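1. Give the three-dimensional model of this entry:
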Amino acid sequence: IILCFAIISFLYGAGETSFNFLKISQGARQSGMGEAFAGVADDVNAIYWNPSGLAQLTRQQVCLLHSVWLVDVNYEYLAYAIPIKGIGTFGIYGTFLAGQLDEITYENPVNGQYIIDTNAVAKASDINVTLAYAKKMSDFVGNNSTFSDLYAGLNINITMENIYEDAGNGFGTNIGLLYYPKYENYSFGLMVLNAGIASERPALPFAIKFGFGYRFSYNNILLPFTDQGYYKFLDNDSVLAIDMIYYPVEQLVKVNFGTEKYWVLNKYHSLAARLGYKFGSDLGLFAGLTIGAGYRMTINENFQFDFDYAFVPYGDLGESHRISITGKMFGPAESNYVENKQEALKYYKEGYEFLYNKKYAEAITKFSESLKRYRNYSQAYMGMGACFLRLGKKESAKEVYELALQNDPNNQKLKEFIESTNWDIK
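-> Here you go, the predicted structure:
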């Protein structure tokens, strides 16, 4: 059984830190994404990955994970988070890792021979309980500050380890920040992990983590680099994530990469595929690879359940299989989109000023910012269409004018203009 926990130390630490089971990833979804999630952190498992991400939640969430780990060791995890309007989001999770040997081998101090005691049992376990809290900075500084899109969070944890007749414990905290601008698809995360003290053990596995997340529509991955990127706002079904972790004690830097893609079958059922890679593994090329899959069942707009699986190989040591169930309930789905007609009007006026001064590229950018804040703003579409038309981009101009008409179907003059214009699109 001591070998089991030695393997954990080998995989997750260099013998210079303790409680290295704290590095075992939580959530099958995140494990399948190469353990890159600090810059995304958009579900209950943010308690572990970046507690500041909990402030994104708009409904209660619970996650239960079971992992068949190496050498007959089982790993269990349970997490729960609840957002409270005006106060913040609270979370709690617990982990339990345990195994045992049904016989013990002793060394005879007299003759040096080994004796096997088949009636003895050697047990080992690791237990961690973590409490977390997160808050949107916009609750303090309003919606128009530089810090309005910043989220902050922290967690505190108590860890206990018992390996046969040896016991130790630790107390630590994780502090996280997440920057996720409204109306944008990218986000950045920063974390300080396992800052604390240990008793009867070496130092906690202190680390600093930086994460990046990007959400996009897989079938239109190049959309942001085209004219349509200014006026088409598609539902994102994919995520790209990168984490970089620095361990000061071990003097190690590791980089994790992961991606996720959802396919919506209908309004009740969705499927997901995940792929990731953890660079810097000492166990061979394929030991860094992770693969995952998921199924989402949406009962209604307030109830949703995710069933996720991840396969994580460890080279010659074997592999682990992780299964988790995440329930999301009593509230609407999380979204970073917030309609703001006042800001939309401000950007529209700025765009119109650029249009009047024949600065068409700058005007398009301003009209696009206006539409990000109010996607049914017909006048902003019309202004952008005028810019494209003057730049000779008739195909984009026609498409934008038609979007304007869709949002203002009673605009007879606009309808006549579209019908009477010689678009001459080849």
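
2. end to end, how far does stretch 51-60 reach?
-> 15 Å (CA to CA, to the nearest Å).

3. average pLDDT for it?
-> Average pLDDT, stretch 51-60: 95.

4. Check stretch 273-288 too.
-> pLDDT averaged over stretch 273-288 gives 84.

5. swap in stretch 171-179?
-> 94.

6. residues in contact with E76?
-> Contact analysis of E76 by CB atoms under 8 Å, 6 or more residues apart in numbering lists 65-67, 95-97. Any C-beta I mention is one placed from the backbone N, CA and C, and that applies to glycine too.

7. At which residues are the strands of the stretch 151-300 of the chain located?
-> With DSSP state E, counting those that start in this stretch as the criterion, the stretch 151-300 of the chain has strands at 166-179, 186-199, 207-216, 238-247, 252-264, 269-279, 289-300.

8. Can you add mean neighbour count and distance to G315 and give those strands back as CSV?
-> Below are the strands of the stretch 151-300 of the chain laid out as CSV (neighbours: other CB atoms under 10 Å; distance: least, CB to CB, whole Å):
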stretch, mean neighbour count, distance to G315
strand 166-179, 19, 28
strand 186-199, 19, 25
strand 207-216, 20, 23
strand 238-247, 21, 20
strand 252-264, 18, 16
strand 269-279, 18, 12
strand 289-300, 17, 10
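
9. would CSV of these with distance to N357 be doable?
-> As requested, these are arranged in CSV below (distance: least, CB to CB, whole Å):
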stretch, distance to N357
strand 166-179, 33
strand 186-199, 31
strand 207-216, 33
strand 238-247, 38
strand 252-264, 43
strand 269-279, 47
strand 289-300, 48
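
10. so where's this structure uncertain?
-> For the chain, applying pLDDT under 70 flags the ranges 1-19, 21, 69-72, 98-123, 164-165, 316, 425-426.

11. Report the next helix or strand after the lengthiest helix in it in sequence order.
-> In the chain, taking DSSP state H as the definition, the longest helix is helix 341-356. Downstream of helix 341-356, the next assigned helix or strand under DSSP states H and E is helix 360-373.

12. So which other helices or strands are in contact with that following helix?
-> helix 341-356, helix 378-390 (3 or more CB pairs under 8 Å, 6 or more residues apart in numbering; DSSP states H and E).

13. Buried ones in stretch 362-370, by neighbour count?
-> Along stretch 362-370, these residues count as buried under the neighbour rule (16 or more other CB atoms under 10 Å): 363-370.

14. again with stretch 391-405
-> Across stretch 391-405, burial judged by 16+ other CB under 10 Å covers 393-394, 396-401, 403-405.

15. Closest one of those residues to Y337?
-> L403 (17.4 Å; CB to CB).

16. Check which helix or strand the closest one maps to.
-> Using DSSP H and E, L403 falls in helix 394-407.

17. Please report how far G392 lies from D227.
-> Look at G392 and D227: by CB to CB, to the nearest Å, they are 12 Å apart.

18. ah, wrong one, I meant L283
-> 47 Å.

19. okay, the two: which has more neighbours?
-> D227 (18 against 14; other CB atoms under 10 Å).

20. What's the separation between the residue lying closest to that one once chain neighbours are set aside and Y377?
-> In space, and not counting its chain neighbours, D227 is closest to S396: 4.2 Å by CB to CB, 6 or more residues apart in numbering. Distance of S396 to Y377, computed by CB to CB: 17 Å.

21. follow-up on the earlier one: and the helix holding L403 with helix 360-373, angle?
-> Taking axes from the mean of the first three to the mean of the last three CA atoms, to 10 degrees, one finds helix 394-407 and helix 360-373 inclined to each other by 30 degrees.

22. contact partners of helix 394-407?
-> So helix 394-407 is contacted by 227-228, 231, 376-379, 381-382, 384-386, 388-389, 411, 414-415, 417-418, 421, 423-425 (CB under 8 Å, 6+ apart).

23. change it to 10 Å
-> 226-228, 230-232, 364, 367, 371, 374-391, 393, 411-412, 414-415, 417-418, 421-426 (CB atoms under 10 Å, 6 or more residues apart in numbering).

24. And it, how far out from the chain middle?
-> 35 Å (CA atoms, centre = their mean, to the nearest Å).

25. what do you get for stretch 179-191?
-> With CA atoms, centre = their mean as the basis, stretch 179-191 stands 11 Å off its chain's centre.

26. Then stretch 211-225?
-> On CA atoms, centre = their mean, the centre of stretch 211-225 falls 15 Å from that of its chain.

27. The residue nearest the centre of the chain and R29, how far apart?
-> With distances taken as CA atoms, centre = their mean, V40 lies nearest the centre of the chain, 2.8 Å away. In this view, V40 and R29 are 10 Å apart by CB to CB.

28. now do P51
-> In terms of CB to CB, P51 sits 17 Å off from R29.

29. Sketch out the helices for the stretch 51-200 of the chain, chain order is fine.
-> 138-141 (DSSP state H, counting those that start in this stretch).

30. Quick check: neighbours shared by V40 and R29?
-> 258, 260.

31. circling back: out of the contacts of E76, which are buried?
-> Buried among those by 16+ other CB under 10 Å: 65, 67, 95, 97.

32. Spatially, which two of these are the most separated?
-> Across the buried ones among the contacts of E76 (CB to CB), the longest gap, 11.6 Å, separates L65 and L97.

33. residues shared between the contacts of these two?
-> In contact with both L65 and L97: 75-77, using CB under 10 Å, 6+ apart.

34. and which of the residues you listed is nearest D308?
-> Y77 (12.4 Å).

35. Now for F257: which residues touch it?
-> By CB under 10 Å, 6+ apart, the neighbours of F257 are 33-36, 240-244, 275-279, 288, 290.

36. still on that earlier bit, run the chain-centre distance for the helix or strand following the helix holding L403.
-> Downstream of helix 394-407, the next assigned helix or strand under DSSP H and E is helix 412-420. Centre-to-centre, helix 412-420 and its host chain are 46 Å apart (CA atoms, centre = their mean).

37. same deal with stretch 369-387?
-> So, by CA atoms, centre = their mean, the centroid of stretch 369-387 is 31 Å from its chain's centroid.

38. Equivalent analysis for stretch 313-322, please.
-> Centre to centre, stretch against its chain (CA atoms, centre = their mean), the figure for stretch 313-322 is 23 Å.

39. One more: stretch 403-420?
-> On CA atoms, centre = their mean, the centre of stretch 403-420 falls 41 Å from that of its chain.

40. go on, stretch 355-367?
-> 36 Å.

41. C-alpha coordinates for it, PDB please?
-> Once non-C-alpha atoms are left out, stretch 355-367 reads as follows in PDB (Å, rounded to 0.1, in the frame of the first residue of the first chain):
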ATOM      1  CA  LEU A 355     -19.100  56.800 -41.000                       C
ATOM      2  CA  TYR A 356     -19.900  60.500 -41.400                       C
ATOM      3  CA  ASN A 357     -16.100  61.200 -41.600                       C
ATOM      4  CA  LYS A 358     -15.600  58.300 -44.100                       C
ATOM      5  CA  LYS A 359     -13.500  56.200 -41.700                       C
ATOM      6  CA  TYR A 360     -15.300  53.000 -42.600                       C
ATOM      7  CA  ALA A 361     -13.100  50.400 -41.000                       C
ATOM      8  CA  GLU A 362     -13.300  52.200 -37.600                       C
ATOM      9  CA  ALA A 363     -17.000  52.600 -38.000                       C
ATOM     10  CA  ILE A 364     -17.500  48.900 -38.700                       C
ATOM     11  CA  THR A 365     -15.600  48.100 -35.400                       C
ATOM     12  CA  LYS A 366     -17.900  50.500 -33.500                       C
ATOM     13  CA  PHE A 367     -21.100  49.200 -35.000                       C
END
